[in-house]
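Asks: turn this into a model:
(one chain, ligands or ions: 2)
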Amino acid sequence: MPSFRPPLWALRAAIVSFWRDEAAPRFWPDGILLIDNGHVAAIGDHSELAPKLPAEVRVEHFPDLLIAPGFVDAHVHFPQIDRIGAHGAQLLDWLERYIYPAEARLSDGDFAKDLAKFFVAELLRHGITTALVFAASQKQSADSLFAAARAKDMRLIGGQVLMDRGAPDEVLVPAEIAAEQSSALIRKWHGKGRLGYAITPRFAVTSSDRQLELAGKLHSRFPDTLVHTHLSENPREVALVRELFPDHRDYFDVYARHGLAGPRSVFAHCVHLSDGEWRDLAKAGSAIAFCPGSNLFLGSGLFDHSRARRMGIRVGLGSDVGAGDSLSPFAAQKDAYRVGQMRGDNLHPFDAFRMATLGGAEALGLDHLIGGLEPGKEADFVLIDRAATPLLARRLRSVADKSWSADLADTFKSWSADLADTLFALSILGEDRMIARTYVAGRLVHRRASPRRRLPPL
Ligand code: GUN
Ligand code: ZN
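Replies: Ligands and ions are numbered 1, 2, ... in the order given. Predicted coordinates for the structure are as follows:
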């Protein structure tokens, strides 16, 4: 466990962040972010804040980088990282052909430990500082995940996958044993440092009634855990759940009647919900992990993010790797935009950026701690290189070209059209190279090796 926290220090750069309860992000073209003991101590304009800083405060200046809150991946599977980009199947066949065999490999404890370390390093390299993560069905896979996140002091919520039917024996664990193991994991990891536990039934297809019942009981015994599962991702899956649970009103009802649908539940996908399920989910106060990259890759369908927004449902963005084909939060925003376009409903760049940061924190019930850079919050943030690639640098130079401005203001319907266009271009051209540095709790945990090209300040 790292014992160190840097003393009071500051960064000077452009800064963008959402604030709780505000519709548009705040933006400082030349800002100061002051860090104290792993938390944000102050944020503001350099010209105002700098004169007030004690003389001994070290200020690091990054004139052509952009500071943003660390990104939140609201749904991802660490054991699937080796099977990212598996060709030619939709959900149920993909699980059988690629995923269950990949997850069976985590019976090897050394393999699980190595994979967890690699996964956590990749999250940080992509600028993700918080994630809600499926482990595999072996208890040790969850232990490996938590240990790897703890070593980086990263805020992460994870859980052992519960599955006791409908899949190969190698990945099944009987309901009673798995509930006992999950309970031990909760006692060991939940609330330890920055870690949290999510009770994680894979989906209704691979859990017996008994297993769902035990999962619900576990959640009522530990009510501040999350519940994390899949819901209504693919039409064949929905039909199968109807066959397996003929006495339930619908898919959502299977979880609800087992005590698994409440304000601390996060449901991945929700692509094919009925009107009644939308209503029930909103009434339960549950959150959704929108996984556009996965939904496009597996051909699952198009999530209706506007409907979720209208209904006041909390929504975070999930990569859903290995069904998703990228861990990049920029790729997730781009794919969310594409899904909107396919529905004739284009997503504003501020809404995409919000879902990738504060929205994800809200979905995970962590928005009082992370997701933005308000003073008092944990200092999880990234430095984004706006010139990470020649094309990105060129595209962002066009933002400053005032011959476009009138169009931009109209397009983005915002006082800060330049910022909207910058965030949009970052999401469309974005990838891991754009993350120059990642900090968790004020500590540098990733620094990109390659050199940067210079840009004029924002
Ligand atoms: N539904 C049940 N298991 C999975 C999984 O591993 N990935 C996705 N995308 N959907 C699932
Ligand atoms: Zn998933």
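
Asks: most proximal residue of the stretch 251-400 of the chain with respect to ligand 1?
Replies: residue 323 (3.7 Å; CB to the nearest ligand atom). Where C-beta positions appear, they are placed from N, C-alpha and C, glycine not excepted.

Asks: where along the stretch 351-458 of the chain do the helices fall?
Replies: 358-363, 390-397, 405-412, 417-429 (DSSP state H, counting those that start in this stretch).

Asks: assign the closest residue to residue 161 other than its chain neighbours to helix, strand or coil.
Replies: Nearest non-adjacent residue to residue 161, counting by CB to CB, 6 or more residues apart in numbering: residue 137, 4.7 Å away. The three-state assignment at residue 137 reads coil, by DSSP: H, G, I helix; E, B strand; the rest coil.

Asks: still on that earlier bit, looking at the helices of the stretch 351-458 of the chain, which is buried most?
Replies: Of these, the one with the most neighbours on average (mean count of other CB atoms under 10 Å) is helix 358-363, at a mean of 27.

Asks: please report phi then psi for residue 221.
Replies: For residue 221, the backbone dihedrals (degrees, to the nearest 10) come out as phi -70, psi -30.

Asks: now do the contacts for it.
Replies: Contact analysis of residue 221 by CB atoms under 8 Å, 6 or more residues apart in numbering lists residue 183.

Asks: what's around the residue nearest to residue 161, how many residues?
Replies: Residues near residue 137, counting by other CB atoms under 10 Å, number 28.

Asks: return the backbone torsion pair for it.
Replies: phi -80, psi -10.

Asks: show me the contacts for it.
Replies: 103, 160-163, 171-173, 178, 202.

Asks: before we move on, the earlier item: and the helices of the stretch 351-458 of the chain as a markdown table, adding distance to ligand 1 and mean pLDDT?
Replies: Compiled in a markdown table, the helices of the stretch 351-458 of the chain are given as follows (distance: least, CB to the nearest ligand atom, whole Å; pLDDT from 0 to 100):
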| stretch | distance to ligand 1 | mean pLDDT |
| --- | --- | --- |
| helix 358-363 | 17 | 98 |
| helix 390-397 | 30 | 93 |
| helix 405-412 | 32 | 71 |
| helix 417-429 | 22 | 94 |
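
Asks: taking the stretch 101-250 of the chain, what residue is nearest to ligand 2?
Replies: residue 230 (5.6 Å; CB to the ion).

Asks: for that residue, which non-adjacent residue is closest in space?
Replies: residue 203 (4.1 Å).

Asks: surely the one you found and residue 237 touch.
Replies: Yes: counting by CB atoms under 8 Å, residue 203 touches residue 237, with 7.2 Å between them.

Asks: list the contacts of stretch 26-33.
Replies: So stretch 26-33 is contacted by 10-19, 40, 42-47, 49-50, 53, 59, 67, 373, 379, 381, 416, 419, 457-458 (CB under 8 Å, 6+ apart).

Asks: which positions in it come out as buried?
Replies: 26-28, 30-33 (16 or more other CB atoms under 10 Å).

Asks: residue 387: how many residues sit nearby?
Replies: With other CB under 10 Å as criterion, residue 387 counts 18.

Asks: in which helix or strand would I find residue 31?
Replies: Secondary structure assignment for residue 31, by DSSP states H and E: strand 26-36.

Asks: before we move on, what about residue 346?
Replies: Residue 346 is located outside every helix and strand, with elements delineated by DSSP H and E.

Asks: number of nearby residues for it?
Replies: 13.

Asks: phi, psi for it please.
Replies: Dihedral angles (degrees, to the nearest 10) for residue 346: phi -80, psi 140.

Asks: can you tell me the SS state at the residue in the chain that ligand 2 sits nearest to?
Replies: Ligand 2 sits closest to residue 320 of the chain, with a gap of 4.4 Å, by CB to the ion. With three-state DSSP as the basis, residue 320 sits in coil.

Asks: for ligand 1, what are the nearby residues on the stretch 201-350 of the chain?
Replies: 202-203, 230, 233, 294, 320, 323 (CB under 6 Å from any ligand atom).

Asks: need the residues that contact stretch 36-43.
Replies: Against stretch 36-43 from outside (CB under 8 Å, 6+ apart): 5, 7-8, 15, 17, 28, 31-35, 49, 373-379, 441-443.

Asks: mean confidence for that stretch?
Replies: If you average the pLDDT over stretch 36-43, you get 95.
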